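Peer 1: My questions are about this predicted structure, shown below with the sequence.
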Amino acid sequence: MMSELPVVVIGAGPQGLAAAAHLAERGIEVVVVERGSGPGSAVSEWGHVRLFSAWPELTDAAARRLLETTGWNAPTSGYPTGAEWVSDYLAPLADALGKRVAYATTVTGVSRQGRDKVVDGGRKDQPFVVHTVDEGGNESRIIARAVIDASGTWGLPNPAGADGLPAIGEAEAAAVISYRIPDDVSEFAGSHVAVVGAGHSAIHAVLRLSELARRAPGTRVTWMLRRGTAANVFGGGIGDELPERAALGSRARKVIDAGLVELVTGFRVAELQRDGATVTVLSEDGREVAGVAHVFALTGFRPDAEMLRELRTDLDPVLDAVAGIAAEIDPNIHSCGSVSATGARQLAQPERGLFIVGVKSYGRAPTFLALTGYEQVRSVTAHLAGDHEAAARNDLVLPDTGVCGGSGDFDDNAGSCCAAPSVLQIGARPVAVGLTLLAGS
């Protein structure tokens with residue numbers, strides 16, 4: 001019978017493991033499939049980054065209840081790095097889930113048993129078939145009653161090219177382009193380094209490189225923004241209810257004011273031309289930045305829907321997000337503090353029993369909060385358990401960003417519903433920087 005089959009969760013990141021904890025708590029068999037070698041494998045890749053969400057905002061309620069049975073004590077204060085998030089929470093949670101989690105196993109596709117995407121007859125009565133391959137190349141199948149895709153977007157970064165496709169010469173210049181937040185930047189001392197992007201990843205890279213510029217004379221940092229203004233790049237200042245996120249924007253403005261970073265606005269990358277060991281970056285309007293030794297293209301991520309190609313999905317044509325939540329998370333309108341919670345009803349797909357959660361549910365929309373993902377999986381797992389009252393309930397209150405509008409007009413920010421935000425001034429104390437959540441696994 002279908003009810004005797006497990007729910008398969010794809011991805012052992014924060015949302016995937018939280019979903020497994022909720023399902024286990026409700027007595028539902030669950031199998032978590034993770035392509036990495038351990039829990040939170042994508043988080044581990046940015047383990048050097050300190051999050052701007054505090055510990056209480058980074059753990060899920062059902063996960064805490066499960067962990068407390070093992071003697072685990074929840075961290076109550078402070079801002080962990082990605083590595084600490086894994087070691088102090090995600091890894092113990094995965095250990096508590098035990099054999100429910102399978103590592104080094106990649107999902108290659110999901111379908112209905114005996115039905116490809118086209119077939120209608122008897123479709124809803126067939127279980128899911130999750131096709132996997134392990135690190136040794138061995139293929140297998142898992143028969144499931146439902147599938148929760150929490151695989152994230154970490155594996156598919158956006159290109160530097162401003163039109164959503166790689167810029168001319170981007171592939172050829174691959175050796176001098178990175179799509180991840182840097183850790184040790186000492187090798188760039190005395191060089192010209194460029195950062196492309198306007199989000200928190202880009203800000204973090206800019207701050208790290210600005211420290212290098214402060215220490216190493218001759219180091220030049222150019223920050224390229226596609227938008228015509230930097231008004232909302234620095235965040236909501238004193239209006240931001242996540243103070244360390246506000247401090248991140250404040251530090252970015254200070255390094256620009258200090259001359260450690262050159263800010264170039266309205267620069268939409270069209271081409272990268274190799275010239276020996278350096279590249280020249282050209283914009284669509286003909287401007288160029290020459291002599292760049294390395295480019296950090298930190299322009300966000302996009303979801304990979306390939307594994308779901310044989311299922312019937314409903315994704316927004318603009319954001320590649322789950323269609324049911326797209327209007328709520330459109331960055332042209334909303335900041336991440338102005339969106340409503342999204343639950344099972346909004347996340348449901350035409351393929352009954354399939355749910356896309358976490359960062360992947362947001363598609364190309366930026367700034368996904370861990371709290372949002374935990375609320376998503378709470379609602380989805382309640383729905384799968386038949387607890388429709390709990391599934392419909394909204395238990396989430398998001399912290400405000402202090403930025404009351406979205407990105408508005410691309411060039412002059414005219415679409416924002418408020419004036420440019422003031423910026424929180426901070427002293428010389430160390431400030432945590434980082435991202436709330438980068439990926440689903």
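Peer 2: Right, received. Where do you want to start?
Peer 1: Could you list the low-confidence segments of the stretch 1-150 of the chain?
Peer 2: Counting by pLDDT under 70, the stretch 1-150 of the chain has no low-confidence residues at all.
Peer 1: Tell me where it has helices.
Peer 2: 14-25, 41-45, 61-68, 82-85, 91-97 (DSSP state H, counting those that start in this stretch).
Peer 1: Quick one: these as CSV, columns for mean neighbour count and distance to Ala258 too.
Peer 2: Where you see a C-beta, it was placed from the backbone N, CA and C, and this is true even at glycine. Below are the helices of the stretch 1-150 of the chain laid out as CSV (neighbours: other C-beta atoms under 10 Å; distance: least, C-beta to C-beta, whole Å):
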stretch, mean neighbour count, distance to Ala258
helix 14-25, 28, 35
helix 41-45, 22, 30
helix 61-68, 18, 42
helix 82-85, 22, 28
helix 91-97, 20, 39
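Peer 1: Kindly present these as CSV, with separate columns for distance to Phe301.
Peer 2: What follows is these, written out as CSV (distance: least, C-beta to C-beta, whole Å):
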stretch, distance to Phe301
helix 14-25, 15
helix 41-45, 10
helix 61-68, 24
helix 82-85, 15
helix 91-97, 23
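Peer 1: can you tell which of the ones you listed is closest to Leu354?
Peer 2: helix 14-25 (13.2 Å; C-beta to C-beta).
Peer 1: Tell me both backbone torsions, phi and psi, for the closest residue to Lys124 other than its chain neighbours.
Peer 2: Of all residues beyond its chain neighbours, the one nearest Lys124 is Arg352 (5.5 Å), with distances taken as C-beta to C-beta, 6 or more residues apart in numbering. Dihedral angles of Arg352 (phi, psi; degrees, to the nearest 10) stand at phi -60, psi 130.
Peer 1: One more: Arg35?
Peer 2: phi -80, psi -20.
Peer 1: Report the spatially nearest residue to it, omitting neighbours in sequence.
Peer 2: Using C-beta to C-beta, 6+ apart and skipping residues adjacent in sequence, the residue nearest Arg35 is Thr106, 4.2 Å away.
Peer 1: Quick check: beta-bridge partners of the one you found?
Peer 2: Val133 (DSSP bridges).
Peer 1: Kindly report the same for the one 5 residues further on.
Peer 2: Partner residues in beta bridges with Ser111, using DSSP bridges, are Val129.
Peer 1: Surely it touches Met307?
Peer 2: No - contact criterion C-beta atoms under 8 Å: Ser111 and Met307 do not qualify, at 10.0 Å.
Peer 1: can you tell me which residues contact the residue nearest to Arg35?
Peer 2: 35, 132-134 (C-beta atoms under 8 Å, 6 or more residues apart in numbering).
Peer 1: can you redo those as CSV with neighbour count?
Peer 2: Formatted as CSV, those follow (neighbours: other C-beta atoms under 10 Å):
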residue, neighbour count
Arg35, 22
Thr132, 21
Val133, 15
Asp134, 14
